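Q: When you get a sec, could you give me coordinates for this:
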Amino acid sequence: MFLQRALISFTLGPLALYLIYLGGWFYFIPITLILLLATVEYHQLIRKIGLQSSAALLVPLVFVTLVAGQFFEPRVVLTAVLFGLFGALCFGLWLYERRMSETTAADWFAMSAGVVLLGWFGSHFLQIRGLEQMAWQWTMAAMLSTWIADSGAYVVGRFLAGTVFGRHRMSPRLSPNKTIEGYIGGIVLGTLLTVAIGNYLHLPLSAALALGLLVSMFSPAGDLGISLLKREAGVKDSGHVFGSHGGALDRVDSLIWSVTLAYYLALFVTT
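A: Got it, this is the predicted structure:
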């Protein structure tokens, strides 16, 4: 299992960074496909929970929002999101009128959350790579910062803090393996190494420091949010497209928050 995870990491990691550097369609197509696959996995999770969802509606709504984020200005993206929410509402009302669901409000909320999370938040994967200044550097820094914080939290929580400070679980029901010590260790290592990476990528010191701190602090929320869905659905992973690394949704749950934070931080720094 460890060798399989290591092989996937050392294969897909450098490939992902290279595609970020290339940009254009080399980046747009894989990211869009991964996000659409994550949308299908999200649809399957909420169906397993017992809610109603339509992949035939949800996937196109997310796709339209992603495309709007790549090629159009922000107000067009907002229009796409509102269109998606309206589509989810119409689906909920259709279920209700035909007495096909007793959880119409929850159905609408779940589909709307999918449009917002994977469509609007997901569009920042594309928007950050489309920045006018230092686009690939910001994109690469955001993703590396997330991976470092996650790895740092694992190493500190699993091997270091347990022998010195003990193990205090951060969220016993959702993610029993996550510890407070690991979370703090992830913040420290994530911030320090992001500063080092930012220096290599020629990002401003203050920006790299802020990026490392923000990503390390808030990206675990995305992982815990999807963990809640998986717990309710009774599954360990959202899918198996990446083998022992799980599904597409497992891979982007934290990154979605990271690239969104990085995008607005980049706008703040460069304007």
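Q: all contacts plus neighbour counts: C-alpha atoms, from now on.
A: Will do.
Q: Name the residues that touch stretch 148-158?
A: 162, 167, 178-187, 189-191, 193, 215-216, 220 (C-alpha atoms under 8 Å, 6 or more residues apart in numbering).
Q: For those, which ChimeraX command selects only the ones that are buried?
A: In ChimeraX, this line selects whichever of the contacts of stretch 148-158 come out buried by 16 or more other C-alpha atoms under 10 Å:
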select :167,178,179,180,181,182,183,184,185,186,187,189,190,191,193,215,216,220
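Q: which helix in the protein runs the most residues?
A: When the chain is parsed with DSSP state H, its longest helix is helix 205-233.
Q: What is it packed up against?
A: helix 24-49, helix 135-155, helix 180-200, helix 255-270 (3 or more C-alpha pairs under 8 Å, 6 or more residues apart in numbering; DSSP states H and E).
Q: again, 10 Å this time
A: Judged by 3 or more C-alpha pairs under 10 Å, 6 or more residues apart in numbering; DSSP states H and E, helix 205-233 is in contact with helix 24-49, helix 135-155, strand 175-179, helix 180-200, helix 248-252, helix 255-270.
Q: would CSV of those with distance to Phe121 be doable?
A: Shown next, in CSV, are those (distance: least, C-alpha to C-alpha, whole Å):
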stretch, distance to Phe121
helix 24-49, 11
helix 135-155, 14
strand 175-179, 23
helix 180-200, 22
helix 248-252, 11
helix 255-270, 6
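Q: Going by mean pLDDT, which of those comes out lowest?
A: Looking at the helices and strands packed on helix 205-233, the lowest mean pLDDT belongs to strand 175-179 (a mean of 71).
Q: and the nearest residue to Ala38 once chain neighbours are set aside, what does it touch?
A: The spatially closest residue to Ala38, leaving aside those adjacent along the chain, is Leu249, at 4.4 Å (C-alpha to C-alpha, 6 or more residues apart in numbering). Neighbouring residues of Leu249 by C-alpha atoms under 10 Å, 6 or more residues apart in numbering: 34-42, 118, 223, 226, 237-239, 241, 255-256.
Q: Report the buried members of the residues you listed.
A: Among the contacts of Leu249, those scoring as buried are 34-42, 118, 223, 226, 237-239, 255-256 (criterion: 16+ other C-alpha under 10 Å).
Q: which ones are touching Met217?
A: Residues near Met217 by C-alpha under 10 Å, 6+ apart: Thr146, Ala149, Tyr183, Ile184, Gly186, Ile187, Val188, Gly190, Thr191, Leu211, Ser258.
Q: export the host helix or strand of Ala56 as PDB, just CAs?
A: Using DSSP states H and E, Ala56 sits in helix 55-71. Below are the C-alpha coordinates for helix 55-71, written out as PDB (Å, rounded to 0.1, in the frame of the first residue of the first chain):
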ATOM      1  CA  ALA A  55     -25.700  13.800 -12.500                       C
ATOM      2  CA  ALA A  56     -27.200  14.800 -15.900                       C
ATOM      3  CA  LEU A  57     -28.000  18.200 -14.400                       C
ATOM      4  CA  LEU A  58     -25.200  18.700 -11.800                       C
ATOM      5  CA  VAL A  59     -22.200  17.900 -14.100                       C
ATOM      6  CA  PRO A  60     -23.300  20.400 -16.900                       C
ATOM      7  CA  LEU A  61     -24.000  23.100 -14.300                       C
ATOM      8  CA  VAL A  62     -20.500  22.700 -12.800                       C
ATOM      9  CA  PHE A  63     -19.000  22.600 -16.300                       C
ATOM     10  CA  VAL A  64     -20.700  25.900 -17.300                       C
ATOM     11  CA  THR A  65     -19.400  27.600 -14.100                       C
ATOM     12  CA  LEU A  66     -15.900  26.300 -14.700                       C
ATOM     13  CA  VAL A  67     -15.800  27.500 -18.300                       C
ATOM     14  CA  ALA A  68     -17.200  30.900 -17.200                       C
ATOM     15  CA  GLY A  69     -14.400  31.200 -14.600                       C
ATOM     16  CA  GLN A  70     -11.800  30.500 -17.300                       C
ATOM     17  CA  PHE A  71     -13.000  32.700 -20.200                       C
END
